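# Model the following, please.
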Amino acid sequence: MAGTAQGLESRAGTGAQEDALARFAGAAPSSEAALQRRVSNGILRRAIKAWRAGDIARAGRLALEATTSDATNAQAYHVLAMCLERMGHLHKALVTYERAFELDPDDPDLLINLGLTAWNLKLTDAATGMFRRFVAARPDSPLGYNNLGTILCELGDAPAAIDTLRAALLRMPNESILWNSLATVLAESGRAEESIVFYQEAIRLAPDFARPWHNLGFAYSHLGRLEEALEAYDNAKARVIDPVEIMEGQHSRSVCLIGMGRLEEGFRDYEIRNSPRFRAYVHHMVKAPMWNGEALSGKRMLVVGEQGLGDEFMFANILPDLARAVGPEGRLQIAVDARLVSLFARSFPDAEVGAYDDRKLIGPDGTHEIRIISWAVKDGEPDFFAPMGTPLQFFRKGIEDFPRKAFLVPDPLRVTEFRRRLEAMGDGPFVGICWRSMMRDAKRQKYFSALDAWGPIFAAQGVTFVNVQYGECGGELARATAQHGVDIKVFDDLDLKNDIEGAAALSAALDLVLSAPTAAAATAAGVGTEVWFLTAGRTWPQLGTDHYPWYPNTRVLAPEKFGDWSGLMPLVGAELETFARG
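Presented below is the predicted three-dimensional model:
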């Protein structure tokens, strides 16, 4: 879900672009003996000027021209690679960096930039090697330690990352970037409280360095201290220069505002995700204009799911409003994940529902995801289209605007069949359990509890537990049975990942679902089943409340200290005992 996607900034990698540009711009053409090199360097300086003006496409064209003028000019290839990387052409950038390195293997800045490109391409072993080589070549530069530490953290070796950064700080205690990176590693390791003092030291050393302010905002958000997070984001906003970081800052700040319940401002700023230059931008293959609050009565409106299955469920909260807005003379079209089509068609019978198809597009600004909805335009373009979250800024300006009604209708025959099968398994109440996302990397793991920690919940008397965890989880269930003596019922003939109709019907047949904030929780909540969200801390979809206002019947149960599952689970177990007694 979108909420869990908003973690701390694990990628604190920093390139040596500015160092390289400063050296290249200062190269005197008269120092070159060959006319070709003088001409090439003249073009290169124009490329650097374009880069600093923010015109990356022009900078790239000029750098390419400089390489054509002199095919041995390593600096021209270096700048061309930087442009390709910034525009998202990562494979081409890597090859170009390698060409520059062949021509000038003594340029250590190339090691950093090569490593970053390899990192972005998931070539982590190669990237780690480059960063280690840079540290050996430039032991007094913070950049190598910064990148080496952060990539080690991403690879799941937080102790090595911390050791690397601490050793660097012993050499360079006044380098703000190293304090920032150490703080980020701590936060990504689930130690957000500890990270704050390190972010504050980074800020003390370089108060105009925007990144620590931004990351401090993430840490405070992580801990549910949203007012302090907003102040940090505002400080970052006042200092940030890089256009990419400006967009990232607006996105993070908007999520913070939404989490505080300041919905009108938050949802408006959240639209930055639809900027073509935003890192997670999705290009929709639709010629119709994006809807911006215009009257919809009698119009054809295409609404497209976004971000992930959980968000498609959550944002579907808005679809009944849009159906009323287009009215009987209009037409609502809904594009969703193919697994959701039949469920959404039943839930919104007056709408036309179909699947989208995702591809990749390489454009002048880089590689973007594209979303194709060919069925929706076969009879011509709609009057308007919008990603499913966009109408929130117009229909959900305050908590009171959330109707708190179920909006998804499961297959009634399958619901009846699941109820019959549940009753044959034992006595109710029947409680579904889901404890994690399928994405289990080190960055996301801190948001979810291990099933091993659920002992106090499984000790609740008078409850029949039912698995609604999607994906492969047989080993975890077997271990829970061995550790806690719990009999968790499993429907082996139901594919909870791909048969969403079945998952929705089973959820509707249950009395309660205990779940991490996942698609399983959203499925159950969307059909109206009571859901208790077990979260590591405060989440932005709570909208400043103690529940998820998107759905009719939810609670949020979170520990006082972020990720303190051992403190939370006995409380959940006690609440479940009370629920079971009716």
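
# Run through the chain and note the low-pLDDT ranges.
1-34, 361-368, 438-445 (pLDDT under 70).

# which stretches of it form strands?
282-284, 300-304, 331-336, 352-355, 357-363, 366-372, 384-387, 430-434, 464-467, 512-515, 531-534, 554-557 (DSSP state E).

# For those strands, please prepare JSON lines with the additional fields distance to residue 166 and mean neighbour count.
C-beta: built from backbone N, CA, C; applies to glycine. Formatted as JSON lines, these follow (distance: least, Cβ to Cβ, whole Å; neighbours: other Cβ atoms under 10 Å):
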{"stretch": "strand 282-284", "distance to residue 166": "40", "mean neighbour count": "19"}
{"stretch": "strand 300-304", "distance to residue 166": "47", "mean neighbour count": "24"}
{"stretch": "strand 331-336", "distance to residue 166": "48", "mean neighbour count": "24"}
{"stretch": "strand 352-355", "distance to residue 166": "50", "mean neighbour count": "18"}
{"stretch": "strand 357-363", "distance to residue 166": "40", "mean neighbour count": "12"}
{"stretch": "strand 366-372", "distance to residue 166": "36", "mean neighbour count": "17"}
{"stretch": "strand 384-387", "distance to residue 166": "43", "mean neighbour count": "23"}
{"stretch": "strand 430-434", "distance to residue 166": "38", "mean neighbour count": "25"}
{"stretch": "strand 464-467", "distance to residue 166": "43", "mean neighbour count": "22"}
{"stretch": "strand 512-515", "distance to residue 166": "38", "mean neighbour count": "25"}
{"stretch": "strand 531-534", "distance to residue 166": "34", "mean neighbour count": "26"}
{"stretch": "strand 554-557", "distance to residue 166": "36", "mean neighbour count": "18"}
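
# Just tell me which of the ones you listed ends up closest to residue 503.
Proximity to residue 503, assessed across those by Cβ to Cβ, is greatest for strand 430-434 (9.6 Å).

# Out of the strands of the chain, which gets nearest to residue 457?
Nearest to residue 457, of the strands of the chain and by Cβ to Cβ, is strand 512-515 at 6.9 Å.

# List of residues touching that closest one?
Here strand 512-515 makes contact (Cβ atoms under 8 Å, 6 or more residues apart in numbering) with 429-435, 457, 468, 507, 520-521, 524-525, 529-534, 572, 576, 579.

# Could you do stretch 460-472 as well?
Contacts for stretch 460-472 (Cβ under 8 Å, 6+ apart): 422, 425-436, 438, 458, 473, 476-477, 486-491, 496-497, 503, 506-507, 510, 513, 515, 519-520, 524, 573, 576-577, 580-581.

# Restrict that stretch to CA atoms and write it as PDB.
Listed next in PDB are the C-alpha coordinates belonging to stretch 460-472 (Å, rounded to 0.1, in the frame of the first residue of the first chain):
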ATOM      1  CA  ALA A 460      -7.000 -16.100  22.900                       C
ATOM      2  CA  GLN A 461      -9.700 -18.600  23.800                       C
ATOM      3  CA  GLY A 462     -12.800 -19.300  21.700                       C
ATOM      4  CA  VAL A 463     -11.300 -18.200  18.300                       C
ATOM      5  CA  THR A 464     -10.900 -20.100  15.100                       C
ATOM      6  CA  PHE A 465      -8.000 -18.700  13.100                       C
ATOM      7  CA  VAL A 466      -8.100 -18.700   9.300                       C
ATOM      8  CA  ASN A 467      -5.200 -17.900   7.000                       C
ATOM      9  CA  VAL A 468      -5.700 -14.900   4.600                       C
ATOM     10  CA  GLN A 469      -1.900 -14.300   4.100                       C
ATOM     11  CA  TYR A 470      -1.300 -14.500   0.300                       C
ATOM     12  CA  GLY A 471       1.900 -15.900  -1.300                       C
ATOM     13  CA  GLU A 472       4.000 -18.800   0.000                       C
END
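
# List the buried residues in stretch 66-82.
By 16 or more other Cβ atoms under 10 Å, the buried positions in stretch 66-82 come out as 66-67, 69-70, 73-82.

# Could you do stretch 84-98 as well?
Buried-residue list, stretch 84-98, by 16+ other Cβ under 10 Å: 84-90, 92-94, 96-98.

# and which of these is nearest residue 56?
residue 86 (4.9 Å).

# re the thing from before, from the buried residues of stretch 66-82, pick the one nearest residue 180.
residue 82 (22.4 Å).

# what's around the closest residue to residue 51 other than its chain neighbours, how many residues?
Spatially, and ignoring its direct neighbours in sequence, residue 51 is nearest to residue 59 (4.1 Å; Cβ to Cβ, 6 or more residues apart in numbering). Applying other Cβ atoms under 10 Å, we find 26 residues neighbouring residue 59.

# now, which of the buried residues of stretch 66-82 lie within helices?
66-67, 69, 74-82 (DSSP state H).

# roughly how far is stretch 488-506 from the heart of the chain?
26 Å (Cα atoms, centre = their mean, to the nearest Å).

# how long is that stretch end to end?
15 Å (Cα to Cα, to the nearest Å).

# tell me the contacts of residue 102?
Contacts for residue 102 (Cβ under 8 Å, 6+ apart) come out as none.

# And the helices in the stretch 451-582 of the chain?
If DSSP state H, counting those that start in this stretch is used as the criterion, the helices of the stretch 451-582 of the chain fall at 455-458, 474-484, 500-509, 519-526, 565-580.

# now for the first one, which elements pack on it?
To tie it back to what came earlier, the one meant is helix 455-458. Secondary-structure packing of helix 455-458 (3 or more Cβ pairs under 8 Å, 6 or more residues apart in numbering; DSSP states H and E): helix 474-484, helix 565-580.

# ok, 10 Å please
Secondary-structure packing of helix 455-458 (3 or more Cβ pairs under 10 Å, 6 or more residues apart in numbering; DSSP states H and E): strand 430-434, helix 474-484, helix 565-580.

# Outside of the longest one itself, which residues are in contact with it?
Outside of helix 565-580, the residues within contact range by Cβ atoms under 10 Å, 6 or more residues apart in numbering are 427-429, 431, 435, 448-450, 452-465, 511-512, 514, 530, 532, 534-536, 555, 557-561.

# Please indicate which of those residues are buried?
Of the contacts of helix 565-580, these count as buried by 16+ other Cβ under 10 Å: 428-429, 431, 435, 448-449, 454-460, 463-465, 511-512, 514, 530, 532, 534-536, 558-559.

# Go ahead and confirm residue 225 touches residue 196.
Yes: using Cβ atoms under 10 Å, residue 225 and residue 196 qualify as a contacting pair, with a distance of 9.2 Å.

# any common contacting residues for the two?
219, 232.

# what residues are up against residue 194?
Neighbours of residue 194 in contact, by Cβ under 10 Å, 6+ apart: 182-183, 186-187, 219.

# ChimeraX command for the buried members of the residues you listed?
Burial among the contacts of residue 194 is assessed by 16+ other Cβ under 10 Å; the matching ChimeraX selection reads:
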select :182,183,186,187,219
